[in-house]
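Q: sharing a model that was predicted from the sequence below.
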Amino acid sequence: MSVSPDILKGTIIKSRVRLARNLKGYPFRVKDPLLARDIIKNVNRAIVKCGTFNLFYTANLSNTKLEAMKEKHLISSNLIENQFGAALISQDESLSIMVNEEDVIREQCFMKGLRLFEAYKMLDKIDDEIIKNLDVAFDEKLGFLTACPTNVGTGLRASVMLFLPALTESGKIGSLENQLSSLGLTIRGLYGEGSDAEGCVYQISNEITLGSSEYDILSVVEDSVERICALERDECERLYAKNHIQTMDKARKAFGILTNAVVLSYSEFLRNIAKVKLGAMLGLIDIEDIEKLDDLIVSVRPFVLCEQFGKDLSPLDRDLVRAEVVSKQLLKLKG
């Protein structure tokens, strides 16, 4: 068995572009409730021409709703901790604007696949409206001023989420981290800094924005992602092509666990879905729509499950529901 080039379509999960902005004359962290509300209203007005956004005040949301939004990367832990924060989220959840987070404004755009330039183009339109309608903190020499020094300059953070089972199994993630660091990039877990690479999922992003143009940052990240995908394909060839019986066995056993479990924790799900996805990518399990596996990984996260069912679920109830949902979806995908 040789590894098909098509395997790369499963390696790249999604792209995210984020812009950090602050307002001239205002503190980066707004703690005054009246001032915070005023800023939120002004940001909402500033983007009125950019489409329909739902406005969520953190103080008005349940912990379950907040955590579900965090699990979908729509908001951050920093925003949850700020009782005067808010988020403006597009109908399809591809755009998210956090207000009164670490910076006064953090704009985000998400797209499936390697589409950093498309995501930036979409976000840039919103950013233009914000800059046109609000007095954004900007220095002629330094660029956009931000709470964290690493964001000063363009304020742009470009990241791509990757599925890297072969590089993980071979133990080459450490050396990859060193190589990326020399390029001003970093590799982190599923939820960014300090998080684990659950299910062999990593985020590749730029570390510094000062001294580089938006185009340069996007190009470096995109080129690096393409090289990492090539490395992952080579490792797949080395690890799995000559051991396809064992790889098929692991993948199908994992599929059996996921389609027959009565109680399924999220960590057990991630361990097994990674094997199933790898099997599908290698053509060892008959699942063509690999993107649906990525969607499933999001939809059965603990608080996203609660959100879908419209109520808080105990840990045991979540595990019972997850087992049922996962079994039905996988059997449907395998068809």
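A: Great, that's in hand.
Q: at the geometric centre of this protein, which residue do we find?
A: residue 73 (5.5 Å; CA atoms, centre = their mean).
Q: touching, it and residue 18? I think so.
A: No: between residue 73 and residue 18 there is no contact under CB atoms under 8 Å: 10.0 Å. In short, each C-beta sits where N, CA and C put it, glycine included.
Q: which neighbours do these two have in common?
A: residue 108 (CB atoms under 8 Å, 6 or more residues apart in numbering).
Q: distance check, the residue nearest to the centre of the chain against residue 118.
A: Distance from residue 73 to residue 118, counting by CB to CB, to the nearest Å: 18 Å.
Q: residue 136: what's it in contact with?
A: 21, 22, 23, 24, 130, 144.
Q: between these, which has the most around it?
A: Using other CB atoms under 10 Å as the neighbour criterion, residue 22 leads these with 25 neighbours.
Q: test my guess that it contacts residue 146.
A: Yes: counting by CB under 8 Å, residue 146 is a contact partner of residue 22 at 6.4 Å.
Q: tell me, what's touching the two both at once?
A: Counting by CB under 8 Å, 6+ apart, the residues touching both residue 22 and residue 146 are 28, 103.
Q: check residue 288 and give its pLDDT.
A: Residue 288 carries a pLDDT value of 81.
Q: now it: which helix or strand?
A: For residue 288, there is no enclosing helix or strand under DSSP states H and E.
Q: what number of residues lie near it?
A: Using other CB under 10 Å: residue 288 sits among 11 other residues.
Q: go on, the one 5 residues further on?
A: Residues contacting residue 293 under the criterion other CB under 10 Å number 21.
Q: what about the longest helix seen in the chain, average pLDDT?
A: In the chain, with assignment by DSSP state H, the single longest helix is helix 214-240. Across helix 214-240, pLDDT averages out at 94.
Q: thinking again about what came up before, among the contacts of residue 136, which lie within helices?
A: Among those, DSSP H puts residue 130 in helices.
Q: how near is the nearest residue to residue 74 once chain neighbours are set aside to residue 308?
A: Counting by CB to CB, 6 or more residues apart in numbering, the nearest residue to residue 74 once its immediate chain neighbours are dropped is residue 96, at 4.6 Å. Shown here: residue 96 relative to residue 308, a distance of 19 Å by CB to CB.
Q: between these two, which one's more packed in?
A: More crowded of residue 96 and residue 308, by other CB under 10 Å: residue 96, with 25 against 14.
Q: might you report the residue contacts of the more buried one?
A: By CB under 8 Å, 6+ apart, the residues touching residue 96 are 73, 74, 75, 87, 88, 89, 90, 107, 108, 110.
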